[in-house]
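Visitor: Below are the sequence and a predicted model; questions follow.
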Amino acid sequence: MGHRAAIVGAGHTRFGVLEPGPRALLRSAVSAAFASVDHGAAPRDVGEAFLASLGFGGWQIGNASAVLGEEAGAVGVPTTRVENACASGGFALRAAVRAIEAGARELVLVAGVEKMTDVASARRRYWLGVSGDTEWERLAGLTFAGVYGLIASHYLFEHRLGPEALAEVAVKNHENGTLNPNAHFQKRVSREEVLRSARVADPLGLFDCCPVSDGAAALLLAPADSARRYTDTPVYVDGLGAASDHLAVQERPELTRFEATRRAADEAFRGAGWDRSEVSFLEVHDCFTIAELLALEDLGFAGPGEAAALTLSGATRRTGRLPTNPDGGLKAKGHPIGATGVSQLYEVFLQLRRAAGARQVPQATRALAHNVGGAGATATVSLLSGG
Ligand code: COA
């Protein structure tokens, strides 16, 4: 149905336990994004900027977007911070595309950053917890691992399944992470190691969880009709969907479906005029292994309980028929909250330009990126195509 905007440049730092602070991480990702623009772009070409960040650990809780203007060398342009927890990046992309649709003629910068590893573990639990429900979850001691553990045990019970498919998600995403030089973890794990790993929130063990990571990512967007001024291989945004749900999972009718993902996916596919069969690979929000199974179902690629068999069949491997998280996903690549949604789009940008090196998905022409805030309270779905 036509392109809504184009990504013409993208940059990424390494994800992991890193020395630099958030300002330096932002600077690296943004300068890499400028450097990636084939025909050249500079800070003076930027007309507006959006920063995705939770402000983990208390870093610049207010007015953080001005820092992005400074670190991008674009002081003076309007800057806005987008904070929807782990879905901040997906919502920042949506804000940028809407700015372009509202008439922005210059480049729009989207960056995400989080610095998480310099915070002691009790404070870390607090900063992760603030994105869940305060009254019924955080103050009762329920962590995100706890919420997803409840969802996972209900999923396995409801569909009479063992934990093998959860473990297979971890095995696959760790395998993909070995091909991604930016990934937090670049080591393989076996199904037995995953199943035997220390319990975090049963049935989820250590390898079912995303890690706590530092990192940043950035994108440069242009109106679709002027994208070729910047590059011969733009990546087009063709569909966008976004939705929200009750913050506390206890308010929802079902534990094992994320209504926000379903609504966002329907909106994105309707807007783009695409059929699900046209999608060549997925970047989904696998903060815990169960979340990847739910995503495959809520996005419409498997029926209830069927994502387990789909995963065990090998279909979601990088060389399978529905490659999912070729960059290692949140599980192995890492999950610096505000940076995650932007990082998923960075991977889409590389894959659709056939520039993903050893982890290139052979048939990558159309991609879906799915970003979730907390335990499903907010979600975005973006559909992108190669030029
Ligand atoms: N997957 C695989 N290995 C992990 C890991 C993970 N998620 N988290 C930590 N490790 C490894 C570390 O690299 C370290 O290995 P080493 O001993 O070889 O160096 C070891 O496990 C211990 O690391 P540590 O940082 O002490 O772990 P921890 O017990 O403090 O934290 C979790 C582990 C799972 C609790 C933590 O990663 C976590 O809270 N993850 C979820 C984050 C989250 O909720 N994000 C929001 C999602 S909605």
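Guide: Structure's in. What do you need?

Visitor: For the rest of this, base every contact and every neighbour count on C-alpha atoms.
Guide: Fine.

Visitor: Surely Leu26 touches Gly69?
Guide: No: counting by C-alpha atoms under 8 Å, Leu26 does not reach Gly69; the two are 10.1 Å apart.

Visitor: Neighbour count: these two, which is higher?
Guide: Neighbour count, other C-alpha atoms under 10 Å: between Leu26 and Gly69, Leu26 has more, with 30 against 24.

Visitor: The more buried one: helix or strand, and which one exactly?
Guide: Per DSSP states H and E: Leu26 is located in helix 22-35.

Visitor: tell me the mean pLDDT for that helix?
Guide: Mean pLDDT, helix 22-35: 98.

Visitor: By neighbour count, which bits of that helix are buried? Give me those.
Guide: Residues 22-23, 25-35 are the ones in helix 22-35 that count as buried (16 or more other C-alpha atoms under 10 Å).

Visitor: Looking at those residues, which is nearest Asp133?
Guide: Comparing the buried residues of helix 22-35 against Asp133 with C-alpha to C-alpha places Pro22 closest, at 26.3 Å.

Visitor: OK, contacts around the closest one?
Guide: Applying C-alpha atoms under 8 Å, 6 or more residues apart in numbering, we find Pro22 in contact with 113-115, 215-216.

Visitor: Try it again at 7 Å.
Guide: 113-115 (C-alpha atoms under 7 Å, 6 or more residues apart in numbering).

Visitor: Tabulate those residues in TSV, adding columns for distance to the ligand, pLDDT and neighbour count.
Guide: Shown next, in TSV, are these (distance: C-alpha to the nearest ligand atom, whole Å; pLDDT from 0 to 100; neighbours: other C-alpha atoms under 10 Å):
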residue	distance to the ligand	pLDDT	neighbour count
Val113	14	98	33
Glu114	12	98	30
Lys115	13	98	31
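
Visitor: Can you list the buried residues in the helix or strand of the chain at the bottom of the mean pLDDT ranking?
Guide: When each helix and strand of the chain is scored by mean pLDDT, DSSP states H and E, helix 121-129 comes last, with a mean of 94. Buried residues in helix 121-129, defined by neighbour count with 16+ other C-alpha under 10 Å: 124-125, 127-129.

Visitor: just stretch 347-365 next, same as before
Guide: Neighbour counts over stretch 347-365 (16+ other C-alpha under 10 Å) mark 347-354, 356, 359-361, 363-365 as buried.

Visitor: and the end-to-end length of it?
Guide: Stretch 347-365 has an end-to-end distance of 13 Å (C-alpha to C-alpha, to the nearest Å).

Visitor: Just want to check the distance between Leu350 and Val46.
Guide: 22 Å.

Visitor: isn't Val171 right next to Glu192, touching?
Guide: No: between Val171 and Glu192 there is no contact under C-alpha atoms under 7 Å: 9.7 Å.

Visitor: These two: which has the busier surroundings?
Guide: The neighbour count for Val171 versus Glu192, taken as other C-alpha under 10 Å, is higher for Val171 (27 against 11).

Visitor: Confirm that that one sits in a strand.
Guide: No: Val171 is assigned helix when assessed by DSSP: H, G, I helix; E, B strand; the rest coil, not a strand.

Visitor: Might you report the residue contacts of it?
Guide: 188-191.

Visitor: what does Cys209 give?
Guide: So Cys209 contacts 287-289, 331 (C-alpha under 7 Å, 6+ apart).

Visitor: any idea of the pLDDT on the closest residue to Leu352 other than its chain neighbours?
Guide: Nearest residue to Leu352, sequence neighbours excluded (C-alpha to C-alpha, 6 or more residues apart in numbering): Gly386, at 5.0 Å. At Gly386, the pLDDT value in this model is 97.

Visitor: Report the beta-bridge partners for Gly386.
Guide: Beta-bridge partners recorded for Gly386 (DSSP bridges): Val235.

Visitor: need the contact list for it.
Guide: Applying C-alpha under 7 Å, 6+ apart, one finds that Gly386 lies in contact with 234-236, 352-353, 365-366.

Visitor: now with 8 Å?
Guide: Contacts for Gly386 (C-alpha under 8 Å, 6+ apart) come out as 233-236, 352-353, 365-366.

Visitor: measure it to the ligand for me?
Guide: For Gly386, the distance to the ligand equals 30 Å [C-alpha to the nearest ligand atom, to the nearest Å].

Visitor: Write out the residues of this protein neighbouring the ligand.
Guide: Within the chain, the positions lying close to the ligand (C-alpha under 6 Å from any ligand atom) are 128, 144-145, 206-207, 209-212, 287, 374.
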